[in-house]
Structure formats: C-alpha cells, structure tokens
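**Q** no FASTA, just this:
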C-alpha cells in the first residue's frame, strides 16, 4: 500500500484536530502549518506511527516574513519517509520578539547543526538545544544576517540612479 | 618488598591529563579549511570538536538579490569537485517551479554531464583516501583522467572547475562533435584505468588494514544524522535520489545502487568505486539513446527564460525584447514554494526555493549534504587513533565550499 498525502492529512487531523492549518499540496508535496508548541509532538507522531514512519529529517531552515506581525519567523521542517518514499513539509511560526521554538535535536541528531545554522542566521532560539552557538558566522556577531532588515545594497543611496534597470526606487526590498 | 615501590602521582598530574591538538584550519590532511580540536589521550582521540565556517560567503543572502540565471555561478562554488551537478540541480529546480518540460535529448545530455561529474568527484575522494594512507601513486595516476573530463566541460561550456554549465531550459549551445569524441575517448580509456586503480587498492593488504573498521557508523545512526549519498549507502541503506525521485529522465536508465554493510571507510571506498562503474554504464546508455534523437535539440522552447540566439537578437524584435528582459533580470518567475532534491556526488543536494513572483527568490536554502553529515564526525572518530581520524575525514568527502556555503 502506498502512502498518499490524503492519508497523512487524515491521520494528522484525526490526532491534532483543528490545531494544524493551511494544508496544501504543491509540486506533489504535502505542507501544513503547526502551532510552535506542537512542533515536537507532530514530529514524534509522524516518526512513531507504523503507517507513516517519517524518520529522516531532510532539511530544517527558517524564513523571515517581516510583514506578518507576531509571526515573523517561520521554521521549516522537511521530513522524508524512506520506505513509502514520501516527503512532507511543515512550518511553525514564531514572534520575532520571542523566537523560542523547541529543539528537534533529541529526536534527530542531524537537527543539531541545522538548528545552530538557523539560530546563526535568523536568531531562532531553540529551547533545549545542547550547544546553541553560532556555526558559520563569527562568534562576536551581534545580529542575525538573513533577516530581511539587512538588505545587500543600501536602497537609499542617491549617487547611483539605475531605476531604469529594475533596481532602486520602489522595486525590490 | 617495601611499600614505596610505586611512585604515587598526585591528582591532576601528567598521567591523568589529555592533550589538545588542533587539526586544521590549514592542516594539509583536512583538504579544506576547517578545524578540528581534538582531545588526545596519547594516540587515542577522546573527543573532537569540529569548527566550520572559515570560508562562509553568504550565498543564501546574495541569492535573494540576484536574478535566477545569476544564481547558477553561486552553486558552482558549493561542491566545486562536481560543479555541474549543482548547476543542473539549480536549473531543474527553476524548471520545476515554472513547469518547463525539457526535451528528452536535453535530459540525456544532462545525465551525461552529471555522471561525468560524479565520476570525477568520487575519483578525487577515493584517491585522496589513498594519499592519506600513504599511497600517492593512485592519486597522480587518476588525475590525468579527471583532466579528460575537464576537457569535456571545457568543450561544452568553456570553463573547467566552476563550470556554470547549461541554462534554465537546457544548454547554452549544442554539444559539438568534438565534445562527443572526447566523451567517447573517456569512455574507451577510463574503464581500464579504474580497473587498475581498483587493483592497486581494493585487495591491498595495507590499505584494507588501514581502512576496515575505521570510522564506522550504523545505518540507524547514519539516518538519524541525516547521512545521504555514498556515506549512507555504505551503511547498507539503498537510498538514492536518482531512483527515489527520478529527475532529468533517470527513470529511463538501467543501473543498480551499490551498498555496503558496515559503513566504515573501506565500505565507503568500495561503494564509490562501484558507483563509478554504474555511472560509466549510464553514460554509455545515454550516448546510445542520444543517437536516436534529433540532433538540433539542446534546449526547451521557453523564450521568456532562455536567451535567444545572438543572430536573432540583431534581426528579430521579439528576440531582442526577450534578450533584454532576461539579461536585466526583468522576467518574473511564478510564485511558489518547492523543495527539489538531486543526487549530488556526496549526498542529497536539496534546493528549497520560495518565490514571491519577483525577479529573485524570496528565500533560497541549499541543503548541503556534507554540512549535515560532518556533525557525526566526533562520534565516528571517538576512541580512534589520530591517523584513523584523518582517513575517516577524507573518506567522508567533505568539501569546504559546500560545508560553509
């Protein structure tokens, strides 16, 4: 029996009810949003259930949405079930002022460095992480460079007028 | 016998101490810029603390400001031992987002290039295991055949190491007859070389004793640590993205996935060698398949994303408009979100792309396989000798560029 996205969705709704939202399927992959308090419960459920077996964490990263007040940071998990060969993605959103999310490093050893990287670039504070320090940037850095408030080029500079070429002015961030 | 036979060492004296050894950041045996702080008890490793990030270049941030076609050169500099796989992986990601169907011939040409890249990557990794265990000959011997592959790249795209090969939709130009001749030459000469390389190492008593049982990891731990590629397959898990989620028409080819059993350095070596044979078989099949397809097809018909011919730009209005829009990065990409994995030479290379419909990605994250599995290194070398730690590191196929992005 092959595992369908429909079945995964039904099992999740059965277990967590209304807590999980925004179910969608894009490019063949099921994705949904979960409350940040439930991230470990959702992962553990997907890991343990005999018919699901999502036991491989492919990727963990974050995205910054500065316009969503109170839910600026999204932590994105990509899970993979090897035997039925199905992937899924889920996101948890957190306030940028209180970016506390439970760590997945107890369940997946691989989450250790992925979470350190996410902390390094977005400042997500993974609660319970054994060694949450910067990994790629220098230790002295006091900001989180992948957040959208750090543009690569100063948009306010006036000595360079290239609005004709799609840069500067009102275009772009 | 008196009671004063043994000198009693006080607490904290030399007998109880361990010494700290810095392996890296510029140690020749690390083959890249990363540091390992080893806590040594004599020759044995008590604990290892890897430090990475010495050549971090903020690719994910830079990508948020670049039009899609300008991100390809960034991917070159991830795993620079097999840059074409990264390039084509990125093109496939954008094509998947846009829903572009490439002709079969483009898929097969891409397969040829990706498998050549896989061979060169495995070649370097395996011969470097030899170098680190004291056998330099194999490395020098196979290096001249990597040169043949680099000449093929040069013939196709003009560059050798950081290739920037292909475009969204296909290749920038058709393969020349010379390119096919060079591929044929490589296919004719390489099997004998690989055979000889295997004769040098596979049943070599010294090599076997240096590598067997060194740096082993169980399949369960490897999966928990997010291992992919040859390192995972050496533990006995037959996971390969080319089979699990076929891309670029890999489903049309006959090949097998070699697996090991113990996950040690020797198994990783054997798996890579066996994969090179499989890759040769795939290239041979692709060359045969291409002969039955129309010769002039080397890109998909997507004028809004694929640069038109220079002749057309000078003579045709539409071509000029498209050329201008593409070069200026004014072609908007559809909004969407996807995760697209390809089988890189050292594991699952994933592109997590979020597009908000603008000229550049809203967010692009590279799942870099060696960044993810390098964290298992302290566990793998705990209790091992220093010299074992070094060949364990080279057998993991760590590429500093990919580690640090």
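**A** Received the coordinates, thanks. What you see is a predicted model, and the numbers here were worked out from it, not measured in a lab. Numbering: from 1, shown residues only, chains lettered A, B, ... in the order given.

**Q** surely residue B:262 forms part of a helix?
**A** No - using DSSP: H, G, I helix; E, B strand; the rest coil, the assignment for residue B:262 is coil, not a helix.

**Q** quick check: it touching residue B:216?
**A** Yes - taking contacts as C-beta atoms under 8 Å, residue B:262 lies within contact range of residue B:216: 5.3 Å. Quick note: C-beta positions are derived from backbone N, CA and C, even for glycine.

**Q** neighbour count for the two, which is higher?
**A** Higher neighbour count among residue B:262 and residue B:216: residue B:216, with 21 against 17, using other C-beta atoms under 10 Å in any protein chain shown.

**Q** how about the residues of the stretch 151-300 of chain B by chain A?
**A** Residues of the stretch 151-300 of chain B lying near chain A by C-beta under 8 Å from any C-beta of the partner chain: B:221, B:223, B:224, B:225, B:226, B:237, B:239, B:244, B:245.

**Q** with adjacent residues omitted, what lies nearest to the second one?
**A** When the adjacent residues along the chain are set aside, residue B:223 lies closest to residue A:56, with 5.8 Å between them (C-beta to C-beta, 6 or more residues apart in numbering or on different chains).

**Q** report the contact partners of that neighbour.
**A** By C-beta atoms under 8 Å, 6 or more residues apart in numbering or on different chains, the contact list for residue A:56 reads A:79, A:80, A:81, A:82, B:223, B:226.

**Q** check which helix or strand covers the first one.
**A** Element membership for residue A:79, per DSSP states H and E: strand A:73-81.

**Q** can whichever helix or strand comes after that strand be found next to chain B?
**A** For strand A:73-81, the following helix or strand on the C-terminal side (DSSP H and E) is strand A:86-94. Yes - with C-beta under 8 Å from any C-beta as the criterion, chain B is reached by strand A:86-94 at A:87, A:89.

**Q** helices or strands up against strand A:86-94?
**A** Packing partners of strand A:86-94 (3 or more C-beta pairs under 8 Å, 6 or more residues apart in numbering or on different chains; DSSP states H and E): helix A:5-16, strand A:29-34, helix A:39-48, strand A:73-81, strand A:100-102.

**Q** can you tell which of these is closest to chain B?
**A** strand A:73-81 (5.6 Å; C-beta to the nearest C-beta).

**Q** that closest one to strand A:29-34, inter-axis angle?
**A** 140 degrees (axes from the mean of the first three to the mean of the last three C-alpha atoms, to 10 degrees).

**Q** so where is the chain shaky, pLDDT-wise?
**A** Using chain A. Low-confidence segments of chain A (pLDDT under 70): A:1, A:153-173.

**Q** that's the wrong chain, I meant chain B
**A** Ranges of chain B meeting pLDDT under 70: B:1-16.

**Q** again, only this time at 50
**A** Within chain B, the stretches falling below the threshold (pLDDT under 50) are B:1-2.

**Q** center of it - which residue?
**A** Central residue of chain B (C-alpha atoms, centre = their mean): residue B:345, 3.4 Å from the mean position.

**Q** distance check, the residue lying closest to that residue once chain neighbours are set aside against residue B:127.
**A** Ranked by C-beta to C-beta, 6+ apart and with sequence neighbours excluded, the top spatial neighbour of residue B:345 is residue B:121, at 3.4 Å. From residue B:121 across to residue B:127, the span is 11 Å (C-beta to C-beta, to the nearest Å).

**Q** contact partners for the closest residue in space to residue B:398 that isn't next to it in sequence?
**A** Nearest residue to residue B:398, sequence neighbours excluded (C-beta to C-beta, 6+ apart): residue B:370, at 4.9 Å. Contact analysis of residue B:370 by C-beta under 8 Å, 6+ apart lists B:79, B:346, B:347, B:396, B:397, B:398, B:399, B:402, B:403.

**Q** same deal with residue B:182?
**A** B:148, B:151, B:152, B:155.

**Q** other SSEs contacting the helix or strand where the last one lies?
**A** What it means is residue B:155. Using DSSP H and E, residue B:155 sits in helix B:136-157. If you count contacts as 3+ C-beta pairs under 8 Å, 6+ apart, helix B:136-157 packs onto helix B:104-132, helix B:177-201.
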